[in-house]
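**Student:** Pasting the sequence and the predicted coordinates here, then a few questions.
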Amino acid sequence: MTVEVRLRPEAEQDLAESAAWYEQQRTGLGQEFLDEALATFSAIADIPNGFAMIHRSVHRALLHRFPFGVFYVFDRDGVMVLGVLHGSRHPRFWMNRV
């Protein structure tokens, strides 16, 4: 079962800022980060309940190559990505988005 994955504006901003930071570190690394995030979104779409539920109805899928988590909720309308955040960020960053 593949479901629709939507991103909150804050999650889109998370992606853009992180990709820009990685791109400054090395040309092409920002795109590699975005590719990894898209692969994670695809995995979430295929198995939305396949990732750890970490708080109430919020799930977290970890990117493989980068130290980031995709925080999302899953309901009958599909998946809503709340944030794409570095592992060292305080949980309040995604908790305020629920």
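**Tutor:** Perfect, thanks for sending it.
**Student:** Give me the distance between the residue most central in space within the chain and residue 27.
**Tutor:** With distances taken as CA atoms, centre = their mean, residue 70 lies nearest the centre of the chain, 2.5 Å away. Separation of residue 70 from residue 27 (CB to CB, to the nearest Å): 25 Å. C-beta here means a position set from N, CA and C on the backbone, and glycine is covered the same way.
**Student:** So the nearest residue to residue 20 once chain neighbours are set aside, which state does it fall into?
**Tutor:** Setting aside the residues directly before and after it, residue 20 is nearest to residue 30 in space (CB to CB, 6 or more residues apart in numbering), at 6.2 Å. Classification of residue 30 using DSSP: H, G, I helix; E, B strand; the rest coil returns helix.
**Student:** who are the neighbours in contact with residue 30?
**Tutor:** 19, 20, 21, 22, 23, 24 (CB atoms under 8 Å, 6 or more residues apart in numbering).
**Student:** Would you mind pointing out the helix or strand the last one falls in?
**Tutor:** The reference is to residue 24. Residue 24 belongs to helix 9-25 when elements are defined using DSSP states H and E.
**Student:** Would you mark the buried spots in that helix?
**Tutor:** By neighbour count on 16 or more other CB atoms under 10 Å, the buried set for helix 9-25 is 10, 11, 14, 15, 18, 19, 22, 23.
**Student:** Run through who's touching it.
**Tutor:** Taking CB under 8 Å, 6+ apart as the rule, helix 9-25 contacts 7, 29-34, 37, 66, 68, 81-86, 97.
**Student:** Work out the gap between that helix and the centre of the chain.
**Tutor:** Offset of helix 9-25 from its chain centre (CA atoms, centre = their mean, to the nearest Å): 11 Å.
**Student:** What of stretch 65-78?
**Tutor:** Chain-centre distance of stretch 65-78: 5 Å, with CA atoms, centre = their mean.
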